[in-house]
Structure formats: C-alpha cells, structure tokens
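>>> Need a 3D model of the sequence below.
(chains A and B)
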2 protein chains.
Amino acid sequence: MDTTILLGHGSGGKLSHDLIKNLFVRHFSNDILLQQTDSAIIDCSQGRLAFTADSFVVEPIFFPGGDIGKLSVAGTVNDLAVSGALPLWFSASFIIEEGFSFSDLERIVISMSEEAKKAGVKIVTGDTKVVNRGKCDKIFITTSGIGSIHERNIHIGTGKNICPGDKIILNGTLADHGMAVMAAREELSFKTDIISDCSCLNHLIADALDATREMKFMRDPTRGGLATVLNELAEKKTFGIEIDESLIPVNENVRGMCELLGFDPLYVANEGKVVMVVPEEDTGSVLAALKNNELGRQAAIIGEIVSEHPGKAWLKTGIGGKRIIDMLAGEQLPRIC
Amino acid sequence: MDTTILLGHGSGGKLSHDLIKNLFVRHFSNDILLQQTDSAIIDCSQGRLAFTADSFVVEPIFFPGGDIGKLSVAGTVNDLAVSGALPLWFSASFIIEEGFSFSDLERIVISMSEEAKKAGVKIVTGDTKVVNRGKCDKIFITTSGIGSIHERNIHIGTGKNICPGDKIILNGTLADHGMAVMAAREELSFKTDIISDCSCLNHLIADALDATREMKFMRDPTRGGLATVLNELAEKKTFGIEIDESLIPVNENVRGMCELLGFDPLYVANEGKVVMVVPEEDTGSVLAALKNNELGRQAAIIGEIVSEHPGKAWLKTGIGGKRIIDMLAGEQLPRIC
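A predicted model of the protein is given here:
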C-alpha cells in the first residue's frame, strides 16, 4: 500500500481504482456503493433515483470550448444521463481562493446557469467556502446531481445484458477536451485551434434511447479516456471487447498534438463523449439518431463485443496488428477536469 | 459590488448573504433555490425530498472532538435533520494535495464511515481529485445528502407558522467547535481542554419532533453562529426575537478563551447545536426529550418570539441592558468548517 497520495490517485486509472476499492468501498461499504456505477442507483419508497457527485479542479479555469463552470454542470449531467437517468436537481459547492476576481466568478456562474438551462436541470442548493490566499488554486467546484430513472434503464450502468455481437458506438471524436486544456496551459506556448468537446449529452442520449429496444451500456470516457471505460466494462466479464483503431474518429489537429506530446488519444479525457453498447440489429437506428443531433454528427461504430479473450479489451491497430488495451497506470494529465 | 473575493464571502455572515443573493440566486434562479432553506425541498413524483451540499476546508484537519471527515458527515446530516428530513444517502468528494499521507486519509475515511453508521446514512457515490503539491491545503471534502421529508415537517425550514409567544430552545453550550479548532491551530500556542461539539443531531432531533405537535423552526448555528441564525429567522418577518444572554449555556473554558481573543460566543461556529422554535405549551416536553439525550443534557430555553421590533433580534445582556444582534459583517474565523 502506498504511504502518500500521488497525482495518479486522481487519474481515473489503476491507482484511482485501487484507492476506491481498498479505501472508500472498504470503509463506506453498502449495497448501493458496491454497484460502482457512474451514478448511485437508489431504490426507495419514493421511486428509483440516480445520484452522483464530482469535484472539478481543471487548470486553466477558462479554456477553448468551456470553463470550470460549464464543465461542472456538463460532467454531472453526463454521469446521470449515461446511467439512463433524467437529470433534475443539482447542488453546486464552491471553494474559492481569497482574492479571486469577482468578474471571473460571475462569468463562471453565468456559464453554469446557461448550461443548466440547456440541460433542463435546476441548481437547487450549494455552499461557498473561501480559503486564504495560496491555500487553493483559484477555484474548485463540486457538483452533485439527482435524476429519476426509468425501470427499463436500470441495467445500463452495469452492462448486465451485454452479449457477443453487440456493437460499440462512440458519438464523435476522441481527446478534444484533454488536448484543448493542455494547449491552454501557460507553461506550454502552444498555438492550436483545438476546442474542448465539453457539452451536456442528456438530450443526445435521450434520442439514442428512443432508437433502440435496449441500450445495453453507456459510459462517458472522461479521465482515463476510452481505454479506461473499455477496461472497466470488460473487467470480470465473460465476454471480450474488440475495437478497431481506424474506426475511431480523431480530429487531425488533436492527433497531431497527441503525437507531438506523446499522448495516446485512447487515454485522453473527453467531456462530451459517450460510449454505447447496442444490440446489432439497432445499430442503424441509433447511429441515425445520433447523427441527427449536433453532438453526434461524427458518431461511429468503433468495435464489438466478442466471446474471445473474456475480461480483456483488444485494439486492432491502424497498421494491422493487435494489442491489449491496458488500464492507465499513473497520471497522464493532472487537473484535466 | 466588490471586485475580488474576500475571506468574508465565506464567513456565513453579511458578505456571504450578499454573494448568494446577488450572484448565485440571481443566475441559478428557480423556485426551489429561492426557498433559501438549509436543504432544498423538492416536490417530485417520487415524493418529497430534502437535498443539501457543503464543502469542508477546516484547518487543522484533526482537532479535539473530531476531524474534517467526521465534520463532513455531521454537517450534512444536520442540514438535512434541521429541515425536518430523515437523512438517507450521501455523496463524498475529495480534493487531495499530492503527497498527503495515506494513513491520514484512511483515518479521515474511517471517521466518516463511523459517523455515517451512527447517523444511519449510506455514502453511495463520490469522487476523488488530486492536485499538485501546493495547489490545495492537504484535503478538502464536499458532501451532499438526500433525505426524505414528511408532510408535517415541510414548514420547519422556513418558519412559516411562527408566532409571538413561541419559545426558542438551544440544545446546549455555544461556541465549543469554533474555539476548539482555534486552539488547535499551530500558530496559537494555546493549551486548553476545549472539545468540539461536532456531532450528528438527527436522532436528537427525531426525539424532539416526537415531543411536540408542531416544531415551528429548526436551524443549526454553524458559521456565523447563533447571531446569524436569529438574524436569518427574523429577516423580513412580522415578529421580533428576544434572547436572554444569561440563559445561553457557554462552557467556562470557552467563555474564557472567547474573552481572551475578543470573540463573541454568539457569532462563533457550532457543529452539534440546533436552535428550535417551539409552541409555548410544548416547551416542557421538548426540553425533557432533549435532556434525555446525551447531546441535549444542557438544553435550555434562551428566548422567545415577540410582537415588538419586527424583523429584528434583540439580546438582553447579562448586565441588564438590551442590544440589537447584528449580522456578522466580515470573516471572524476563516476555515472553521
């Protein structure tokens, strides 16, 4: 066991998983937490609810395509939406550094407000703490969200009904968010036109749900990227996953920056992407529904569920080889969200 | 309007109220947020829910009587309980400084787990972010909580049914938490035996609810202290408040430290106290119920609702005078919770 917290413990990769399993799940242990889905699914006398929370520490706080406020709403909307829930009520808690500019705070709050309106959610409660100068970096925002979840969607978060032959669909290009934030960092004197994909996906996802008799699984590839989602999905399952690198959409400028800096787009964070597992016979209607929405224009089938190599995700590389997709070991991009 | 964020914007006092009113409520505006109660009360097809969130940045993270973990559970349990809700499901989000000790993190997590068990709540979701060394101070925790709320308790948060003659009850001594944390700070080489009152009050509050036909109002006097609660309660109302200083329980060591450092116990944060407004005829049964619980042994009637000076809270001082109780103007004790 490690003795100090490393940046990798916040990466979304292997160290994060170990921390969650060995510390949080062990001590907070209860039936709902043990599901380990993106949102907790709560069965109660009031019906079925989805509940999720996320802290946002992105640096810089303003980046092409978004800011920490927009991100803090979209991230939590998406966690609920990929759980098959209708996002409804939000909390927003702020930790602010003394001396932070009021106009920047207002810009962030307006951005949250606009994003909440677009998504149709209400920010109903919250908190503000201010810490002395130098005791936090500008502003951190934690949002939590409650959604209602329909009976027919309860297995989306766990992928319980997935079987070989199901297709894996992605709604667009990979790695835009991670590279946009990287390029915006002061220490990199980088000029690019990369824009973060930061968006609320709940309306897009609602369209996709209407286009299939059974959405078998959804998850948003944020920290740790697509590779982490595929690993989490395959883990301890009786099926394997095969992805074709040549089918994964990546913008040219993003691909260029990834190559230059030595990043694999498969591991880079996205904030407006969703991975879906869909029965083969419904792939056409789901793809059509996605492409009909601005946030799904470049949607593509990127791979499928197979009966071979259970528990593992494999990638057919562009040059015709095959390699296993591992979990991210350390931290690739600290403070990307 | 201020141009930068000051410590006072996180004080719970006047600057905090201005920030909430002029920024958050203005932009996030919706019917539920406008209630401005301790927990948002949500009427939905699933029934009536209470929803609240709080960030904790207390320094030091370990103090006599508790730690940031215990505080992060108790604080949110209490926000739900004073809204008349049964606390049920919690989220816990961690922002951790790179290099933070794993054993300290485990100690905090165990403390949260124990407190959650005592209160009967489940921590069902959460998040962990790690920021580079020097970019936050050790660890910040944000919790949010959902509770279910019974029809008969819906006016507790707003105090809608309060009328002159109602009595104001406090469950014990003031200012223990604030002074315990102050004394634990390294820069003060203070030796005291003051212990924080940090506790979950939900079971105590349930006992009190059973002892009256109508609990008219409850709130926990945290940041900003009793003075802030009384100001919030009286604001824009047709009644006034009168409190008798000689009836407010304060531990001798706490009174001594307050005098030495120039603090008024009325403005110092508590983390195991609740202010109740109870119909006169039920004060005996409520007091008896409180005193029967370990967390209410020193419960006392400290004042009453009056028809005079509407909108204002007055204090009869120990030496026989009377003074108005103002809202806290700046920040008295940064990072007390």
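
>>> what are the ranges of the helices in the stretch 51-200 of chain A?
Counting by DSSP state H, counting those that start in this stretch, one finds helices in the stretch 51-200 of chain A at the ranges A:68-81, A:102-119, A:176-184.

>>> Minimum distance to B:Asp176: which of these has it?
Judged by CB to CB, the one of the helices of the stretch 51-200 of chain A that comes nearest to B:Asp176 is helix A:102-119, at 33.0 Å. All C-beta spots, glycine's among them, are computed from the backbone N, C-alpha and C.

>>> who's in contact with the closest one?
Outside helix A:102-119, the residues that touch it by CB atoms under 8 Å, 6 or more residues apart in numbering or on different chains are A:61-62, A:66-70, A:72-74, A:77, A:87, A:90, A:92, A:96, A:122-123, A:138-139, A:141, A:200, A:202-203, B:1-5, B:23-24, B:27-28.

>>> Let's see the ChimeraX selection covering just the buried ones among the residues you listed.
In ChimeraX syntax, the buried subset of those is picked out as below (16 or more other CB atoms under 10 Å in any protein chain shown):
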select /A:61,66,67,68,69,70,72,73,74,77,87,90,92,96,122,123,138,139,141,200,202,203 /B:5,23,24,27,28
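
>>> Out of the contacts of helix A:102-119, name the ones that lie in strands.
Counting by DSSP state E, the part of the contacts of helix A:102-119 found in strands is A:Phe62, A:Gly66, A:Asp67, A:Pro87, A:Phe90, A:Ala92, A:Ile96, A:Lys122, A:Ile123, A:Ile139, A:Ile141.

>>> Look up how far A:Val121 lies from A:Leu86.
Separation of A:Leu86 from A:Val121 (CB to CB, to the nearest Å): 9 Å.

>>> More neighbours: which of those two?
Set side by side, A:Leu86 and A:Val121 show unequal neighbour counts under other CB atoms under 10 Å in any protein chain shown, the larger going to A:Val121 at 25 against 17.

>>> Secondary structure element holding the closest residue to A:Ile168 other than its chain neighbours?
In this structure, A:Ile168 finds its nearest non-sequential neighbour in A:Gly303, 4.4 Å apart by CB to CB, 6 or more residues apart in numbering or on different chains. The secondary structure element spanning A:Gly303 is strand A:300-306 (assigned by DSSP states H and E).

>>> can you list contacts of that strand?
Outside of strand A:300-306, the residues within contact range by CB under 8 Å, 6+ apart are A:162-170, A:239-244, A:247-249, A:277, A:280, A:283, A:287.

>>> May I ask you to confirm that A:Gln36 is in contact with A:Ser29?
No: using CB atoms under 8 Å, A:Gln36 is not in contact with A:Ser29, being 11.6 Å away.

>>> Pick out whichever of those two has more residues nearby.
Between A:Gln36 and A:Ser29, counting by other CB under 10 Å, A:Gln36 is the more crowded of the two (15 against 12).

>>> what's the spacing between that one and A:Ser83?
Distance, A:Gln36 to A:Ser83, by CB to CB: 12 Å.

>>> Repeat that for A:Val73.
Taken as CB to CB, the spacing of A:Val73 relative to A:Ser83 amounts to 16 Å.

>>> distance between the ends of stretch A:180-197?
Using CA to CA, to the nearest Å, the end-to-end distance of stretch A:180-197 comes out at 9 Å.

>>> what's the pLDDT at the closest residue to chain B within the stretch 101-250 of chain A?
Among all residues of the stretch 101-250 of chain A, A:Val130 sits closest to chain B, at 3.1 Å; criterion: CB to the nearest CB. Per-residue confidence for A:Val130 comes out at a pLDDT of 92.

>>> check contacts around it.
A:Val130 makes contacts with A:95-98, B:5-11, B:331, B:334, as judged by CB under 8 Å, 6+ apart.

>>> The residues you listed, buried ones only, as a ChimeraX selection?
A single ChimeraX command is used to select the members of those judged buried by 16+ other CB under 10 Å:
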select /A:95,96,97,98 /B:5,6,7,8,9,10,11,331,334
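
>>> If we only consider the contacts of A:Val130, which is nearest to A:His177?
Using CB to CB, A:Ile95 comes nearest to A:His177 of the contacts of A:Val130, at 22.3 Å.

>>> Run a quick neighbour tally on the closest residue to that closest one other than its chain neighbours.
When the adjacent residues along the chain are set aside, A:Ile95 lies closest to A:Phe140, with 4.5 Å between them (CB to CB, 6+ apart). Residues lying near A:Phe140 (other CB under 10 Å) number 31.

>>> Okay, A:Phe140 and A:Arg185: tell me how far apart.
Using CB to CB, which is the criterion applied here, A:Phe140 is 17 Å from A:Arg185.

>>> try A:Thr228
Here the criterion is CB to CB. By it, A:Thr228 lies 22 Å from A:Arg185.

>>> Who has more neighbours out of those two?
Taking other CB under 10 Å, A:Thr228 and A:Arg185 do not tie; A:Thr228 has more neighbours (26 against 14).

>>> With just CA atoms, put the helix or strand containing the more buried one into CSV.
Element membership of A:Thr228 [criterion: DSSP H and E] is helix A:225-234. What follows is helix A:225-234, C-alpha atoms only, in CSV (Å, rounded to 0.1, in the frame of the first residue of the first chain):
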residue,chain,number,x,y,z
GLY,A,225,-10.3,8.1,-21.6
LEU,A,226,-11.9,5.4,-23.8
ALA,A,227,-9.3,2.9,-22.7
THR,A,228,-10.4,3.1,-19.1
VAL,A,229,-14.1,2.7,-20.0
LEU,A,230,-13.4,-0.4,-22.1
ASN,A,231,-11.3,-1.9,-19.3
GLU,A,232,-14.0,-1.2,-16.7
LEU,A,233,-16.6,-2.7,-19.0
ALA,A,234,-14.6,-5.9,-19.7
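
>>> for the closest residue to A:Lys167 other than its chain neighbours, what are its contacts?
When the adjacent residues along the chain are set aside, A:Lys167 lies closest to A:Thr283, with 4.6 Å between them (CB to CB, 6+ apart). When contacts are counted by CB under 8 Å, 6+ apart, A:Thr283 is found next to A:Lys167, A:Ile169, A:Ile301.

>>> got TSV for those residues, with neighbour count too?
Written out in TSV, the entries for those read as follows (neighbours: other CB atoms under 10 Å in any protein chain shown):
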residue	neighbour count
A:Lys167	21
A:Ile169	23
A:Ile301	18
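
>>> Can you give me the buried ones in stretch A:93-110?
Under the neighbour-count criterion of 16+ other CB under 10 Å, stretch A:93-110 has A:93-98, A:100, A:102, A:104-105, A:108-110 buried.

>>> ok, so of the contacts of A:Val130, who is nearest A:Gly147?
Distance from A:Gly147 was checked for each of the contacts of A:Val130 by CB to CB. The minimum falls on A:Ile95, at 24.7 Å.

>>> Which pLDDT value goes with that closest one?
The per-residue pLDDT reported for A:Ile95 equals 96.

>>> Specify the beta-bridge partners of it.
A:Lys129, A:Phe140 (DSSP bridges).

>>> Can you name the residues that contact it?
In this structure, A:Ile95 makes contact with A:129-131, A:136, A:139-142, B:55, B:57, B:95, B:140, B:142, judged by CB under 8 Å, 6+ apart.

>>> ok, 10 Å please
With contacts taken as CB atoms under 10 Å, 6 or more residues apart in numbering or on different chains, A:Ile95 has the following neighbours: A:55, A:57, A:127-131, A:135-142, B:10, B:55-57, B:95, B:136, B:140, B:142.
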